[in-house]
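1. generate a structure from the sequence data that follows.
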Amino acid sequence: MLTTLLSSVLLAGGVEIIHEDAKIVAADESQYGGFGGQVAMSGDTAVVGSSGNDAFGIDSGAAWILERDQDGQWVQTQFFAGDNTSMLDNFGYAVALHDDLLVIGARFKMIDNMVNCGAVHVFERQGDGQFAQVQMITPPTAMLDMAFGSSVDTDGSRIVVGARYGNDGAGGAWVYALNDDGEWALEGELSGSGIDDGDRFGRTVSVLGDRIACGAPWFGAGCSGTNECGTVFMFEYDGADWVETDQIVPDDLANQDYFGYIVDLGEDRLLVSSVYDDDNAPQTGSGYVFDLEGGQWAQTYKMVAPDGQWNDLMGMSAQMSGDTVALGGWYGNDGRGAVWTWRLGDGGWSFLAEAQASDGAEYDIFGGSVALEGDTLLVGAYWADIGDTADAGAVYVYDLAMEEASGACCTNNTCVESTQSLCEYFGGVFQGDGSDCGGSDCDSCSADIDGDGAVTVDDLLMVISQFGPCI
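-> Purely as a prediction, here's the structure:
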């Protein structure tokens, strides 16, 4: 089911706010369904995960495929789970999509009688356009509570799987590549130098070509005082093995910032979120951009929300697409959630806009997940109520190009050319896309209640006398 809304752009305190172009809800919505728990996008296809969905058993999890049609509308085309998904699997906790390859983690699937061991389901798009499971990947050694599949990523040629509680709680990651038989086979096992119990190495993973980034946001080595500064480990494939090549920390490494909460690789670029960073106020969160310069990773920009407030947790979700970055904070916007975006231009990185839900409510967890490709931004709000259905979840769609048609705007008996959103923000009456001031009659204005050609106290008194519900 797709509900289309008019996009609006407001100027609030110098921060450009954008509202959704569309809101997507599941056709088979269910109470506590959590549609939008995770989102990923590739071209005109998107996958939406919900690890707590009960359609295939209590907390079995489920996923949806959305396709963008010729009119730009997102349409649900598939609702599914893994071939053997069962109760408590948490299928859909992590999702990754690249062209016709889809990877979905089921972090609590029982393997070899090991509870909460985890597995990863691999799907490929078939000739009929539907995705079908082609393999289930399980860890080389099944372990209790390792949460294999709590993070996943793919670039089409490799799959990397994180298990934040693997290796006796230190965390781990495993790399898979296609073998000669067309099966995904283990290519390498990753663990960062100095990792120990509780560091959660592999909480987030990203792969691009022969390079992998793994975040360990609870990593404490090198911190003064308490632990949990966080770090990111870089690995490269030398043709035979995966080799650790770097350990990345920010210039302002601090205790309990959880640097490395989310990582995302681009071409010679790395995005890292630090969800508890305190630049604006405690736990506002931040994002860092690192660029590969002369063979070395260098911090080139730090992203801090211009309107950041206490406990925004910006960076709970994050993604980079070329020269654009989106960072989600589910407690931003006074608890309703927000997604902040930046873009790299000729003058460097600059803040672009803040995405909010026009109907957002407190604790919707808007911004709990994001997917970004080009100018298209998808934002999950998996605790959003849909009608009387509690926590059914929703996904909001944004166009970061923000190209609004302009037209004539009548304000205070004067006609100016403006976009509709700016016209309405300043109290004007928009005459329509492409309208021209030469053909618009702005001699009268809607605020001139008594029609005397001026807005006076008499007009205000007439409005006050009719204040209240229209019946």
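2. where does the residue nearest the centre of the chain fall, secondary structure wise?
-> Among the residues of the chain, Val370 comes closest to the average C-alpha position under C-alpha atoms, centre = their mean, at 1.1 Å. Element membership for Val370, per DSSP states H and E: strand 366-373.
3. what comes into contact with that strand?
-> The contact list for strand 366-373 (C-beta atoms under 8 Å, 6 or more residues apart in numbering) reads 36-43, 46, 316-321, 324-330, 332-333, 336-339, 356-357, 360, 377-384, 396. Every C-beta, even on glycine, is put in place using the N, C-alpha and C of the backbone.
4. among these, which ones are buried?
-> 36-42, 46, 316-321, 324-330, 332-333, 336-339, 356-357, 360, 377-384, 396 (16 or more other C-beta atoms under 10 Å).
5. that older thread, note down every partner strand of the strand holding Val370 and its orientation.
-> Paired with strand 366-373 in the same sheet, following DSSP bridges, are strand 376-381 (antiparallel).
6. mind saving the C-alpha coords of the strand it pairs with as CSV?
-> As requested, C-alpha coordinates have been extracted for strand 376-381 and formatted as CSV (Å, rounded to 0.1, in the frame of the first residue of the first chain):
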residue,chain,number,x,y,z
THR,A,376,16.7,9.0,-3.4
LEU,A,377,16.5,8.5,0.4
LEU,A,378,14.5,5.8,2.1
VAL,A,379,14.0,6.1,5.9
GLY,A,380,12.5,3.4,8.1
ALA,A,381,10.3,4.2,11.1
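7. ok, and what's touching the helix or strand that that strand is followed by?
-> Downstream of strand 376-381, the next assigned helix or strand under DSSP H and E is strand 394-399. Contact with strand 394-399 is made by 7, 18, 20-25, 35-36, 39, 46, 48, 66, 74, 339, 355, 357, 364, 366, 375-382, 384, 386, as judged by C-beta under 8 Å, 6+ apart.
8. repeat for stretch 25-35
-> By C-beta under 8 Å, 6+ apart, the surrounding residues in contact with stretch 25-35 are 1-3, 48, 50-55, 64, 76, 79, 380, 382-383, 386, 389-395.
9. and stretch 20-36, end to end?
-> 15 Å (C-alpha to C-alpha, to the nearest Å).
10. I misspoke; the intended subject was stretch 232-244.
-> Stretch 232-244 end-to-end distance (C-alpha to C-alpha) = 11 Å.
11. report the rounded mean pLDDT for it.
-> Averaging pLDDT along stretch 232-244 yields 97.
12. distance between that stretch and the chain's centre?
-> 27 Å (C-alpha atoms, centre = their mean, to the nearest Å).
13. buried residues in it?
-> In stretch 232-244, counting by 16+ other C-beta under 10 Å, buried: Val232, Phe233, Met234, Phe235, Tyr237, Trp242.
14. who touches it?
-> Under C-beta under 8 Å, 6+ apart, the answer for stretch 232-244 is 175, 187-188, 190, 192-193, 201, 210-216, 245-249, 259-260, 263, 270, 272, 297.
15. filter those residues down to just the buried residues.
-> Neighbour-count burial (16+ other C-beta under 10 Å) is assigned, among the contacts of stretch 232-244, to 175, 187-188, 190, 192, 201, 211-216, 246-249, 259-260, 263, 270, 272, 297.
16. just the ones of the residues you listed in strands?
-> Within these, residues falling in strands by DSSP state E are 175, 187-188, 190, 211-216, 246-248, 259-260, 263, 270, 272, 297.
17. before we move on, back to that, off-centre distance for the strand holding Val370?
-> 2 Å.
18. how far off strand 394-399 does that strand point, in degrees?
-> 40 degrees (axes from the mean of the first three to the mean of the last three C-alpha atoms, to 10 degrees).
19. Met41 and Asp391, how far apart?
-> Noted for Met41: a distance of 23 Å to Asp391, by C-beta to C-beta, to the nearest Å.
20. again, but for Ile262
-> In terms of C-beta to C-beta, Ile262 sits 23 Å off from Asp391.
21. with neighbour numbers in mind, choose between the two.
-> Counted by other C-beta atoms under 10 Å, Ile262 and Asp391 do not tie: Ile262 has more neighbours, with 25 against 20.
22. can you pull the contacts of the more buried one?
-> Contacts of Ile262 (C-beta under 8 Å, 6+ apart): Thr204, Gly215, Leu271, Val272, Ser273, Val275, Gly315, Met316, Ser317, Ala318.
23. make CSV from these and add pLDDT to it.
-> Shown next, in CSV, are these (pLDDT from 0 to 100):
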residue, pLDDT
Thr204, 98
Gly215, 97
Leu271, 98
Val272, 98
Ser273, 98
Val275, 96
Gly315, 98
Met316, 98
Ser317, 98
Ala318, 98
